[in-house]
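J.: okay, structure incoming, though there's no sequence with it:
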């Protein structure tokens, strides 16, 4: 066991709510900016799902690798990704972390262990398993985390990855953010299996968290799971139930489509801590607003990438 295994103090509730608020306010600014067409990328917003990212990433070190989905703004920011580089990337500008070529659905910040997201459902799951396999070569208690939605569990590569991780005893944490929806299709219309029971069938220890809307509760429930993983370096599966407040892709609402109701939104608002328990965050809100203003100004001042950038960072065999 390396010195990395030292236990650090849990963040305060105020700190976790501030981290959650920071993500919420960034995405609310994206909602404001989107109609201007300054953002040159489709966006899948995490509003309603921020608590899971904050509670998880509060446990993770830079050496713990995180792979996530196209709904990845919350994970990028919670893992420590640079806000200015993210907004510039959404603008398609040269100062974005990928010079404007990745956009919202392919966020990455390898310097802090945010290894990337993808527009292809479930495609980062085998990447995480491969990274966990490689990590076995060293002497470390680091873990690899893969975050995906409930719809990804219907893809063949998900099943193959669970099986491989179990057989090889890999330190990969499978996190299913279950908002009950795959675009407009409900869980009940798509799946005959229960997520936790299904993961256990592969020999993977599996858990279903409660209170997925509360970052402090997510943190507390993940603590023994992650601590055990650092000790035995074996895979785990965790399902976190949550609510997606916005439409599948874009800044709007889509209750008119009939697959969910305004009642669902009302019920979520009653338990969302940034709405129901927002006391004491006024100072944080002011600081975060200034940070977002600076990030937007940075993006708008950033030049567009020139034609000389078309083939940079690309394997020329496929160019």
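T.: Here it is on my side, so go on. Being a predicted model, the structure only gives us computed values, none of them experimental.
J.: quick one: the helices in the stretch 151-300 of the chain?
T.: Along the stretch 151-300 of the chain, the segments classed as helices by DSSP state H, counting those that start in this stretch run 156-168, 195-200, 215-232, 262-271, 273-276, 282-301.
J.: adding mean pLDDT, write those helices out as a markdown table.
T.: Conversion of these to a markdown table gives the following (pLDDT from 0 to 100):
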| stretch | mean pLDDT |
| --- | --- |
| helix 156-168 | 98 |
| helix 195-200 | 98 |
| helix 215-232 | 97 |
| helix 262-271 | 94 |
| helix 273-276 | 92 |
| helix 282-301 | 97 |
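J.: with distance to residue 250 added, can I get the ones you listed in a markdown table?
T.: Every C-beta, even on glycine, is put in place using the N, C-alpha and C of the backbone. Output for the helices of the stretch 151-300 of the chain, formatted as a markdown table (distance: least, C-beta to C-beta, whole Å):
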| stretch | distance to residue 250 |
| --- | --- |
| helix 156-168 | 26 |
| helix 195-200 | 27 |
| helix 215-232 | 25 |
| helix 262-271 | 16 |
| helix 273-276 | 21 |
| helix 282-301 | 19 |
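J.: any chance of JSON lines for those helices, columns mean neighbour count?
T.: Formatted as JSON lines, these follow (neighbours: other C-beta atoms under 10 Å):
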{"stretch": "helix 156-168", "mean neighbour count": "18"}
{"stretch": "helix 195-200", "mean neighbour count": "18"}
{"stretch": "helix 215-232", "mean neighbour count": "18"}
{"stretch": "helix 262-271", "mean neighbour count": "12"}
{"stretch": "helix 273-276", "mean neighbour count": "16"}
{"stretch": "helix 282-301", "mean neighbour count": "15"}
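J.: of the ones you listed, which is nearest residue 85?
T.: Of all the helices of the stretch 151-300 of the chain, helix 282-301 sits nearest to residue 85, with 8.7 Å by C-beta to C-beta.
J.: just checking, what packs against the closest one?
T.: Applying 3 or more C-beta pairs under 8 Å, 6 or more residues apart in numbering; DSSP states H and E, one finds that helix 282-301 contacts helix 13-33, helix 83-90.
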